[in-house]
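Asks: Give the three-dimensional model of this entry:
(chains A and B)
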Number of protein chains: 2
Amino acid sequence: MNAAIITIGDEILIGQIVDTNSAWIAENLSLLGINITEIRSIPDKREQIIRTLKEFNQSVDLVIISGGLGPTSDDITKASLNEYFGGQMLEAPEVLNHIIDLFNKRGFVLSETNRLQAIIPDNCIVLRNPSGTAPGMWFEKANTIFVSLPGVPFEMKDIFMLDLLPRLTERINGAMIYHRTVMTQGLPESFLAAKIKSWEESLPENVKLAYLPRPGIVRLRLTAMGTTKNELEQLLQIEIDKLHKIIPKHIFSFRDEALEEVVGRLLKNYGMTLCTAESCTGGRIANLITSVPGSSAYFRGAIVAYDNEIKMNELSVEESVLLNLGAVSDKVVEQMAEGVRKKFNCDYGIGVSGIAGPSGGSLEKPVGTTWIAISSTKKTVSKMFNLGEHRGRNIEKASINALNMLRVIILEG
Amino acid sequence: MNAAIITIGDEILIGQIVDTNSAWIAENLSLLGINITEIRSIPDKREQIIRTLKEFNQSVDLVIISGGLGPTSDDITKASLNEYFGGQMLEAPEVLNHIIDLFNKRGFVLSETNRLQAIIPDNCIVLRNPSGTAPGMWFEKANTIFVSLPGVPFEMKDIFMLDLLPRLTERINGAMIYHRTVMTQGLPESFLAAKIKSWEESLPENVKLAYLPRPGIVRLRLTAMGTTKNELEQLLQIEIDKLHKIIPKHIFSFRDEALEEVVGRLLKNYGMTLCTAESCTGGRIANLITSVPGSSAYFRGAIVAYDNEIKMNELSVEESVLLNLGAVSDKVVEQMAEGVRKKFNCDYGIGVSGIAGPSGGSLEKPVGTTWIAISSTKKTVSKMFNLGEHRGRNIEKASINALNMLRVIILEG
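Replies: A predicted model of the protein is given here:
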C-alpha cells in the first residue's frame, strides 16, 4: 500500500511552526508496512487543497491529511474536503454530543465557534477525537482512502491510535516492508561509516541502510523488502548480529528509543538511584531523565550550579581547584559528581561543566570544551569532550555523552 | 517570487526524523518577501527527485533543496541533480581545499569518503559550507533557480546565511508580503478567538490572521500583502495597537521570540537574579532559561527536588506541610520558591510541584494538577493550574506558565 501525507496550514509555509505531525504519521504508517511516497505541506488555499487531493487520488492508495480543522477562521480544510468529495455540510449529532460532554467535563461554557466543529460533510465516517472538538474524517473516492485529522499533535495522535489504526490495519495488504533501527553513540557519521564499510557492502540486495544523525547520536536504519514479516525479521537479525560484533560498545539499543529510556530501565532493573550536578547543561540532563514516565523510582534530584558559589556551597567543590584549574576541568566535575551523589545519597552522580558558548571560550579552552564525570560508590571517572561551536548542540551533546558514559559504567558494574 | 522547498531523505518518509529544515528555510525566505507555495519531502529515489525538479521548474521561480548530500552511500541527490541539469561530475579544487583545511584544523585524517564530497556537477555555483564538507550548489534552468543544501541543520543554516542570503537578496522583486507575530500566553486558542472576534472581523481585506498554538502559548500571525514595506509596516502596527488594548496582560512579545528570552531580558535590564526549585518540571525551567546565551548574568542555579527528602533538606519545606497537604500544594511550592531564593541569594525564586502523569493522579488531584509559586524579596504568591493528561505537555505548560507568572511579577514590581 502506498500513502501520501498532507499537512495544511499557512503557518507551516512561512516556517512559523515545524511540521512534527508528518514524521509521527509516517512512522506509524511505516510500522504497518505502508510505503510513504511523499509528504507535502500546502497553504490554506482552496484550489491548492483540491488540486493536491486530485493528484494523490491518482497516485496513492491512502492519503492522511492533518491541519486546518481548528475553530478559527483561517481554516478552510473542511469546506475544501466537502467540495472535493461532493457531500453536504450537516451538524453531526454524535460529534455535537461529544463536544458538549467535553465542555461539561472541563467546566467550560460552549461557544458558537465550538459548536461549528460539529458541522461536517455527511459522506464521511467520523473518527472519534477523545481529547478535542474537531473529529477525524474518513472519505473514500476511486479506490483511495482519505483521512483528515486535526493539526493539534496530541489530538491527531489520539484519533490515530484510538480509531484510525484499527481501521487501517484491517485494510492492509501487499508487499511487506520491515524496518529495524540500531542506536549508536560516540562515533560521528563519517567515522561510523568507515568502520562498518565492509559490513555495509556485504548487505543482501533487498536490505537498505540509512545513517540518521542527531546531536551525539547516529541511528542506523535497516530496511528490508519481501513477502513475509518472519523472513524479513530473521534476515535483519542476522545482519544486526554481525554489526554488533563490529561496534559493540557504541550500540545502546536495538530499537528506536531514547538514551534516557535505556538508562532509566538499567537503573530501575538494578535498583540504583541517580542525581546530577549540572553547570553548562543547565538542567537538561535532569529534564531528559524526568521526561520518562516513572523516573521518580530512580531519579532523586539535581543541582544546577550555574554560579561558582553554588558549586562550592552546595557541591563542596574546592575554591582552590576552581581558581587553579578553572570551572571547566576534570577536578571540578569530579567534585561536582561526588558532591551531589553524597549530598543526595545516590548510587550514581553525574557532574558536567563546559563552555556552551557563544562567548566564554579561550585559546586553551575553546567553546565546546566540556568535562563530564560519573561518580559511583566505587570510583569517580571523568572525560573531556570537544563538542563544537553551537550552544544548543553543545548542551544536547554534553547531555547525551553524559548519559552514555553513565550507561557504560552501570553495565560494567 | 514564488518558491518551493524540497527535503530529500528516506528517513523523513518513514518518520525517523522530523523535518525542521523546511520550517527554518520557509521562515527565512518569507522574511525576504518570498511566497512559499509548497514544502515537499521525497525519498532518496532518482526518478522521483528528477520528476519533482521538473514539476517545480514549471511552477515556481526558486527551489531550495535540502538533504541527501552526506558522505554515506544512501545519498543520491548529487547524482540526480547532475543528471537533471546535464553537467559533468568533477573534483572542484576550491571544495577539496576547503575540506582538507577543515580536517587539518580539527586534527582528523581525511578519508576517501570525505574526499568524494569535492566531486560536484561542473555547471553549478558553489556555495561555501564553513562548518562541513558538503558544499551548497546553485543551478539555474529555464528561469528557475535551484539551490541544493546539505541536510545537517547547522551546515544548511550556515551556508544559507553566509552565501545564499546575499545572492537571493540581489534577485528579489515583485509583490511584498509582510508578517508580524504577537505572542500570547494564558488563553487557550478558542477563548482567545472569542475575545478578539470583533477586532479580527474588522481587519482590512489585505490582512490575514492565523492562530498558532503550542503548549501554553498561542502565537498570532498577521500577514499583510501590498507593494511597499513601509505601508505594510504601518498598517500592521495600527492593528496590533488595537489588539494590545483588548488583551494587554496576555501579550508577552510583539515578535516571534521565546518567553525565556523575554524573561531573561527583563532580569538583565533590571539587574535581578533568578533561581528555581523544580519537582514535576524536572529541570525544564532551568533548561529553558539557560538555553539563552548570556543567561549566566542573571541565572544562578536550580534545585531539582524530585524526592521529598530533598524538598525538606535542601529547600526547608516542612515535613508537616508535606504530610498534611501533600507535595502538590500551595504551601509546598511557596516554601520551595522561598527556600531556593534564600539559599541561592537571588531576587526571584520559582517553585513548581505537580502531577505530570501518566500515573500518580487522584480524584482530588488529577494528573495535570500543578502548583506554581514565585517568591521575591517582597512577597511569595502561588497559583494552581490544570494542565491536562499528557506528561510531556504538562511539563512544558507548567514551565511556560511559571515563566509568565514571573514575567508579570517582575513588571509589577
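Asks: Adjacent strands (with direction) for the helix or strand encompassing residue A:36?
Replies: If you go by DSSP states H and E, residue A:36 is part of strand A:35-42. Paired with strand A:35-42 in the same sheet, following DSSP bridges, are strand A:2-8 (parallel), strand B:35-42 (antiparallel).
Asks: okay, stretch A:337-356 in PDB with CA atoms only?
Replies: What follows is stretch A:337-356, C-alpha atoms only, in PDB (Å, rounded to 0.1, in the frame of the first residue of the first chain):
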ATOM      1  CA  ALA A 337      29.600  14.400  40.700                       C
ATOM      2  CA  GLU A 338      30.900  13.200  44.000                       C
ATOM      3  CA  GLY A 339      29.400  16.100  45.900                       C
ATOM      4  CA  VAL A 340      25.900  15.700  44.500                       C
ATOM      5  CA  ARG A 341      26.000  11.900  44.900                       C
ATOM      6  CA  LYS A 342      26.900  12.100  48.600                       C
ATOM      7  CA  LYS A 343      24.600  15.000  49.300                       C
ATOM      8  CA  PHE A 344      21.600  13.300  47.700                       C
ATOM      9  CA  ASN A 345      22.700   9.900  48.900                       C
ATOM     10  CA  CYS A 346      22.500   8.200  45.500                       C
ATOM     11  CA  ASP A 347      24.300   5.300  43.800                       C
ATOM     12  CA  TYR A 348      25.400   7.400  40.800                       C
ATOM     13  CA  GLY A 349      26.100  11.100  40.400                       C
ATOM     14  CA  ILE A 350      26.800  13.000  37.100                       C
ATOM     15  CA  GLY A 351      28.900  16.200  37.000                       C
ATOM     16  CA  VAL A 352      29.100  18.400  33.900                       C
ATOM     17  CA  SER A 353      30.900  21.700  33.300                       C
ATOM     18  CA  GLY A 354      31.700  23.200  29.900                       C
ATOM     19  CA  ILE A 355      31.800  26.300  27.800                       C
ATOM     20  CA  ALA A 356      28.500  26.200  25.900                       C
END
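Asks: does chain B sit close to it?
Replies: Yes - Stretch A:337-356 comes into contact with chain B (C-beta under 8 Å from any C-beta of the partner chain), by way of A:344, A:356. For glycine as for every other residue, the C-beta is placed from the backbone atoms N, C-alpha and C.
Asks: do stretch A:12-28 as well
Replies: Yes - on the criterion C-beta under 8 Å from any C-beta, stretch A:12-28 is in touch with chain B at A:12-20, A:22-28.
Asks: Could you do stretch A:189-199 as well?
Replies: Yes - applying C-beta under 8 Å from any C-beta, one finds stretch A:189-199 in contact with chain B at A:189, A:190, A:193, A:194.
Asks: related to what we said a few turns ago, most widely separated two among the residues of stretch A:12-28 next to chain B?
Replies: A:14 and A:28 (27.3 Å; C-beta to C-beta).
Asks: Looking at the two, which is more packed in?
Replies: Shown here are residue A:14 and residue A:28; by other C-beta atoms under 10 Å in any protein chain shown, residue A:14 has more neighbours (25 against 18).
Asks: what's that one in contact with, if anything?
Replies: Contacts for residue A:14 (C-beta atoms under 8 Å, 6 or more residues apart in numbering or on different chains) come out as B:26, B:27, B:30, B:36, B:179, B:221, B:223.
Asks: Closest to the centroid, which residue in chain A?
Replies: Nearest residue to the geometric centre of chain A (C-alpha atoms, centre = their mean): residue A:258, 7.9 Å.
Asks: now that residue: how far from chain B?
Replies: Separation of residue A:258 from chain B (C-beta to the nearest C-beta, to the nearest Å): 12 Å.
Asks: OK, contacts around that residue?
Replies: A:288, A:291, A:292.
Asks: go with 10 Å
Replies: A:183, A:217, A:252, A:264, A:288, A:291, A:292, A:400, A:403 (C-beta atoms under 10 Å, 6 or more residues apart in numbering or on different chains).
Asks: Over to residue A:83?
Replies: Contact partners of residue A:83, counting by C-beta under 10 Å, 6+ apart, are A:46, A:49, A:50, A:53, A:76, A:121.
Asks: related to what we said a few turns ago, which one of the residues of stretch A:189-199 next to chain B is nearest residue A:364?
Replies: The closest of the residues of stretch A:189-199 next to chain B, once distances to residue A:364 are taken by C-beta to C-beta, is residue A:190, at 27.4 Å.
Asks: Give me the three-state assignment for that closest one.
Replies: What DSSP: H, G, I helix; E, B strand; the rest coil gives for residue A:190 is helix.
Asks: partner residues bridging the closest residue in space to residue A:145 that isn't next to it in sequence?
Replies: Excluding its sequence neighbours, the residue lying closest to residue A:145 (C-beta to C-beta, 6 or more residues apart in numbering or on different chains) is residue A:62, at 4.9 Å. Using DSSP bridges, the beta-bridge partners of residue A:62 come out as residue A:3, residue A:145.
Asks: So what sits opposite residue A:141 in the bridge?
Replies: Beta-bridge partners, per DSSP bridges, of residue A:141: residue A:144.
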